[in-house]
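Participant: sequence plus the predicted model coming up.
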Amino acid sequence: MDHSAKKSNKKRVAIVGGGLVGALNASFFAKRGFAVTIFESREDIRCAKVVKGRSINLALSHRGRQALKHIGIEEKIVSMGIPMHARMIHSLNGKQSPIPYGKKGQVM
């Protein structure tokens, strides 16, 4: 018997938007046993010949790490990043001033 042809008894959920929140919500639903379909208007940049559009830099806060921890991928993601100790303020006269993200030794 072809098991792929069987009808799934899983509850289904649709996620509109495959950005940060959409992907996180899809992960939460999948971990709870839902069949998840994500609808995203942009093409998958992993398969695109030319990647165009907006780009963002990501800083991972404590709250973000907690969300990743709940779906079981915090350490995998954190291991691929670099720690940020401070934000850099650039004044009009060219002076640069670092402002720490937290107490001494804390990073984002």
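Facilitator: Nice, I can see it. None of these values were measured; they are calculated from a predicted model. Numbering: from 1, shown residues only.
Participant: can you list the residue ranges for strands in the chain?
Facilitator: 12-16, 35-39, 86-90, 96-100 (DSSP state E).
Participant: turn those into CSV, columns for distance to Leu24.
Facilitator: Quick note: C-beta positions are derived from backbone N, CA and C, even for glycine. Rendered in CSV, the data for the strands of the chain read as follows (distance: least, CB to CB, whole Å):
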stretch, distance to Leu24
strand 12-16, 10
strand 35-39, 11
strand 86-90, 24
strand 96-100, 28
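Participant: any chance of TSV for the ones you listed, columns mean neighbour count and mean pLDDT?
Facilitator: Putting these into TSV (neighbours: other CB atoms under 10 Å; pLDDT from 0 to 100) gives the following:
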stretch	mean neighbour count	mean pLDDT
strand 12-16	14	97
strand 35-39	13	97
strand 86-90	11	90
strand 96-100	10	92
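Participant: distance of the residue nearest the centre of the chain relative to Ile77?
Facilitator: The chain has Leu20 as the residue nearest its centroid, 4.4 Å off, counting by CA atoms, centre = their mean. Using CB to CB, to the nearest Å, we find Leu20 at a distance of 12 Å from Ile77.
Participant: again with Gln106
Facilitator: 18 Å.
Participant: and those two? which has more neighbours close in?
Facilitator: Higher neighbour count among Gln106 and Ile77: Ile77, with 14 against 11, using other CB atoms under 10 Å.
Participant: so how far is Pro100 from the residue nearest to the more buried one when sequence neighbours are not counted?
Facilitator: Sequence neighbours aside, Leu68 is the residue nearest to Ile77 in space, at 5.5 Å (criterion: CB to CB, 6 or more residues apart in numbering). Distance, Leu68 to Pro100, by CB to CB: 23 Å.
Participant: so Met84 sits against Ala59, correct?
Facilitator: Yes - counting by CB atoms under 8 Å, Met84 touches Ala59, with 6.1 Å between them.
Participant: between these two, what contacts are shared?
Facilitator: Shared contacts of Met84 and Ala59 (CB atoms under 8 Å, 6 or more residues apart in numbering): Met108.
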